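Trainee: Quick one: sequence plus predicted model below, questions after.
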Amino acid sequence: MDIKDYKPRRGDDTYRIGDSDDLVVMENIKAIPTGGMCQQNHGIIFICTAGRAQFEYDGHAVQLQKDDLFLYMAHSTVCNILTSPDFNCRQIWFSRSELWNIEIYNLISVADMSHLKLHPVVHLNDEDITLCDTYFQLLCNRIKTSTSMLTPNIVRSLLGTMMLELLSIMRRNSEQATEQIRQEGPNTSLHKKRIIDDFMKLVEESDGRIRRVDEFANLLNITPKYLSTIIKEVMNRRPSTYIQLYTMKAIEYRLRFTDMTMQEISNDLRFPNPSFFGKYCKEHLGMTPMEYRMKYHNK
C-alpha cells in the first residue's frame, strides 16, 4: 500500500498563522483522503461534526460518529478509510515544535500517551461539545482577524488552553476505563496493562538516560522478548518507539530551554560522546543539535 505524508490543505475554511504549516485550523472537512497516510511531523485533532467514518489506525479498527473526538499521533498510519456521504469534521494540525511553543509538551505524561494510543477516540458529552465549539470558533476568529503582532501568541494561548481541556476530558475517560477493568477483576488484559503502565512510567522517569529495551525489561523483571511482545500486541508499536520519543523530548527540552553545552547534554543523557549525540540528533531531528538550538532556543 502506498503510504503518503499528506500536508494540511489550503484554501477555504482553512486558517494558519502566516504561511506556516506548524499550526493549522480547518473546518468543513467533508472527506478524509483515501489510501494510507502517515504524518511524520504532525499530530491532528479530529472532531466529527456529522456522519460517520471508519479506518485502521496502526492496525486497529477505529469508528467515528458525530461528536467523537479522535487524536492522531505523529508517525501513526491510517489506512482503509471509509466515510459516509454526510461526513464532516473539524481538524487542528500541530507540529511537534508547536507543542513546545504552546507549552503543552511537558504536561503530557507517558500514561497519557499510553491511553491515547489504546483509546484514541472519545465521545464528547453536551458540555464537552459546547466547550470545544467555543474554543474552535475563537481560534478561527483570532487567526482570521489578525491585527496585532501578538496574535500568534494569543492563538497559541487559546490552543494551549483548549488542549488542556481536551487532556482533562481524555484523562476522565481513562479513569473510567481503568475503573471498569478493575471491576471486571484480575485477568490477562489487566496484567498486560499493568506491565505497559509500569514500562511507560520507567521511560518517563529515565528522562532519556536509558535507551535500551533490555535495561527496562530488567527493571520490570521480565525478558526483553516478553516486553516487546506485549507492547506490540497491545500498542502495535515497539518499545523502542516510546523510548526514542521520550529521548527526543529530553533532548529538545535541553536544547530549547537550557544553556547546557553539547558536552553537558551528552554527559547528562549518558551518550558515549558528543559526536555520537550529534549523530543521534541529526538522524532523529534532521539537523545537528546546534542547528536545532539556533532555530528554537527560547523561541
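Mentor: In hand now; what should we look at?

Trainee: C-alpha from now on. contacts and neighbour counts both.
Mentor: Fine.

Trainee: in the stretch 101-250 of the chain, which spans are helices?
Mentor: Taking DSSP state H, counting those that start in this stretch, the helices of the stretch 101-250 of the chain run over residues 110-118, 126-144, 151-184, 188-206, 213-220, 224-235, 239-257.

Trainee: Show me what the mean pLDDT comes to for the last one.
Mentor: When pLDDT is averaged along helix 239-257, the result is 90.

Trainee: which residues touch it?
Mentor: 200, 203-204, 207-213, 227-228, 231-232, 260, 265, 284, 289, 292-293, 296-299 (C-alpha atoms under 8 Å, 6 or more residues apart in numbering).

Trainee: Buried residues of the following helix or strand past it, list them for me.
Mentor: Per DSSP states H and E, the first helix or strand lying C-terminal to helix 239-257 is helix 262-268. Within helix 262-268, the residues scored as buried using 16 or more other C-alpha atoms under 10 Å are Met262, Ile265, Ser266.

Trainee: ok so, going back, check the helices of the stretch 101-250 of the chain for me: which has the lowest mean pLDDT.
Mentor: helix 110-118 (a mean of 70).

Trainee: ok, now which ones touch the spatially most central residue of the chain?
Mentor: Nearest to the mean C-alpha position of the chain, by C-alpha atoms, centre = their mean, lies Met73 at 3.9 Å. With contacts defined as C-alpha under 8 Å, 6+ apart, Met73 is in contact with His42, Gly43, Ile44, Lys117.

Trainee: from what I can see Tyr135 touches Leu164, true?
Mentor: No: if you go by C-alpha atoms under 8 Å, Tyr135 and Leu164 don't touch, sitting 11.5 Å apart.

Trainee: Which of the contacts of Met73 fall in strands?
Mentor: His42, Gly43, Ile44 (DSSP state E).

Trainee: Please work out how many residues are found near the second one.
Mentor: Spelled out, that is Gly43. Residues lying near Gly43 (other C-alpha atoms under 10 Å) number 19.

Trainee: Then Ala31?
Mentor: 16.

Trainee: before we move on, what SS does it have?
Mentor: Applying DSSP: H, G, I helix; E, B strand; the rest coil to Ala31 yields a three-state assignment of coil.

Trainee: any idea how far it lies from Ile196?
Mentor: Ala31 sits 35 Å away from Ile196, taking C-alpha to C-alpha, to the nearest Å as the criterion.

Trainee: just the buried members of the contacts of helix 239-257?
Mentor: In the contacts of helix 239-257, burial by neighbour count holds for 200, 203-204, 207-211, 213, 227-228, 231, 265, 289, 292-293, 296-297, counting by 16+ other C-alpha under 10 Å.

Trainee: ok, Leu139 touching Ser157?
Mentor: No: at 9.7 Å, Leu139 does not count as touching Ser157 under the criterion of C-alpha under 8 Å.

Trainee: quick one, which of the two is more surrounded?
Mentor: Leu139 (23 against 16).

Trainee: out of everything not next to it in sequence, what's closest to the more buried one?
Mentor: Of all residues not flanking Leu139 in the chain, Val155 sits nearest, at 6.1 Å (C-alpha to C-alpha, 6 or more residues apart in numbering).

Trainee: didn't the one you found look like it was pressed against Arg142?
Mentor: Yes: counting by C-alpha under 8 Å, Val155 touches Arg142, with 6.6 Å between them.

Trainee: With neighbour numbers in mind, choose between these two.
Mentor: Applying other C-alpha under 10 Å to Val155 and Arg142 shows that Val155 carries more neighbours, namely 22 against 18.

Trainee: which outside residues touch stretch 5-12?
Mentor: In contact with stretch 5-12 (C-alpha under 8 Å, 6+ apart) are residues Asp21, Val24, Met37, Cys38, Gln39, Gln40, Trp93.

Trainee: List just the nearest of these to Thr49.
Mentor: Nearest to Thr49 among those is Trp93, at 16.9 Å by C-alpha to C-alpha.
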